[in-house]
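Visitor: Turn this into a model:
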Amino acid sequence: MRLEDEKKAAALAAVKRVRDGMVLGIGSGSTVAIFVEALASLVREKEVEVICVPTSYQSAILLASHGIPLTSLTEHPTLDLTVDGADEIDPNLNLIKGMGGALTQEKIVAASSKEMVVIADSSKLVEVLGVKTPIPVEVIPMAWKTVAEKLAKLGSKVELRHGSGKVGPVVTDNGNFILDAKFPRVDQPKTLEEKINNIPGVVENGLFVEMAKIAYVGQGKTLERKQF
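Guide: Numbering: from 1, shown residues only. Now for the predicted structure:
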């Protein structure tokens, strides 16, 4: 099964958790885009009525293009369910997220939800976080250099993220910069999450610890449901 088929299998499994009248948090990324398409079909066929809190401009535009109503945490501070992807998933369903740059709003929305469901293909599964993927860290622009130095002292190699299509650093939806902190491995994700967030100038980091309760992961010709 190709990775695209694995993504589709995971997304379609998550859609089955949606119930009429739910307020949903919608993450970002390619697997979530498949989920939104499936959700839009349910809405069009009037099987469910939902309203959604997007985690990025990307997801807001995608939802609007499918005619799915948007709302905000101001109007609905507690969400029924958030569906999002991940860059890495460990056996305890701890995650690294943020390679798409939307980590702060994704974490806020996930933390505001009764349940967070992760959807992904098999390439996202790891035994230990950080082996393949850096930890994205959103920072206040004026502090990026000092934060980078402190992240280096924690044992990481740090790069200021640059994108294509524009000159200069990537700027998040919140107007901040992103540092990618590559650690050899992350054996204590909760401790590291706290240490990073305690650095002045850090807005948020991409370690999502003890937040996801269920993950649907495409695995070859099968779908694996992981629960923690």
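
Visitor: show me the biggest helix of the chain in terms of residues.
Guide: Secondary structure of the chain read by DSSP state H shows that its longest helix is helix 30-44.

Visitor: pLDDT averaged over that helix - what is it?
Guide: Helix 30-44 shows an average pLDDT of 95 in the prediction.

Visitor: In three-state terms, label the spatially closest residue to Ile199 that is not a sequence neighbour for me.
Guide: Using CB to CB, 6 or more residues apart in numbering and skipping residues adjacent in sequence, the residue nearest Ile199 is Lys150, 4.9 Å away. From N, CA and C alone the C-beta is placed, and that goes for glycine too. Applying DSSP: H, G, I helix; E, B strand; the rest coil to Lys150 yields a three-state assignment of helix.

Visitor: For Asn205, give the beta-bridge partners.
Guide: Residues in a beta bridge with Asn205, per DSSP bridges, are Val137.

Visitor: helices or strands up against the longest helix of the chain?
Guide: With contacts defined as 3 or more CB pairs under 8 Å, 6 or more residues apart in numbering; DSSP states H and E, helix 30-44 has these neighbours: helix 3-15, strand 23-26, helix 57-65, strand 81-84, strand 116-121.

Visitor: in the longest one, what counts as buried?
Guide: Spelled out, it's helix 3-15. Neighbour-count burial for helix 3-15 flags Glu6, Lys7, Lys8, Ala9, Ala10, Ala11, Leu12, Ala13, Ala14, Val15 (criterion: 16 or more other CB atoms under 10 Å).

Visitor: Also the third one?
Guide: Using 16+ other CB under 10 Å as the burial criterion, the residues of helix 57-65 that qualify are Gln58, Ser59, Ala60, Leu62, Leu63.

Visitor: which one of the residues you listed sits closest to Lys166?
Guide: For Lys166, the nearest member of these is Gln58. The distance, counting by CB to CB, is 15.7 Å.

Visitor: Thanks again, I'm all set now.
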